[in-house]
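> Using only what follows, build the 3D model:
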Amino acid sequence: MGPLFNYGTYNLPHLTDMPESCPVCSQHYEPEPGFYWGAMYISFAFAVPIVLVTGAVLYWFFGDPDTWVYVTAVSVIMLLLTPPSFRYARTVMLYAFGGVRFDKRHLEKNNVA
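Residues are numbered from 1 along each chain as shown. The predicted model follows:
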């Protein structure tokens, strides 16, 4: 499997840009129109533990600060982790529901490390 995205994770104007298909194995990256709408649920599943861990760290290590500290910390951390979370959710969606399977033969055949 080749690269899933055209640009780096924090290149925000191009965050969602994906090639139409894999340059290594020709796997189509969007099995059907609107396929990645389901990745929103996966992204939400990633966000819940991030919020819970942030809250627990603030509570246990910073002595239960004021509410504004919780809101600010969670907001900043979620903003920083949204791009990788977004992309990882799309990757999980593609592998879990898109019929994509890793095949090492494609790597060996195309001399990809």
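
> which residue sits closest to the residue most central in space within the chain, ignoring its sequence neighbours?
Nearest to the geometric centre of the chain sits Y88, at 2.0 Å (C-alpha atoms, centre = their mean). The spatially closest residue to Y88, leaving aside those adjacent along the chain, is F46, at 6.9 Å (C-beta to C-beta, 6 or more residues apart in numbering). Using the backbone N, CA and C atoms, a C-beta is placed for each residue, glycine as well.

> Kindly report the same for G55.
Y70 (6.1 Å).

> Which residues are in contact with that neighbour?
54-55, 58 (C-beta atoms under 8 Å, 6 or more residues apart in numbering).

> rerun at 10 Å
Residues in contact with Y70 (C-beta atoms under 10 Å, 6 or more residues apart in numbering) are 51, 54-55, 58-59, 62, 64.

> Filter those down to the ones in strands?
Secondary structure defined by DSSP state E assigns none of the contacts of Y70 to strands.

> Select only the buried ones of those in PyMOL?
What follows is the PyMOL syntax selecting those of the contacts of Y70 that are buried according to 16 or more other C-beta atoms under 10 Å:
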select buried, resi 54+58
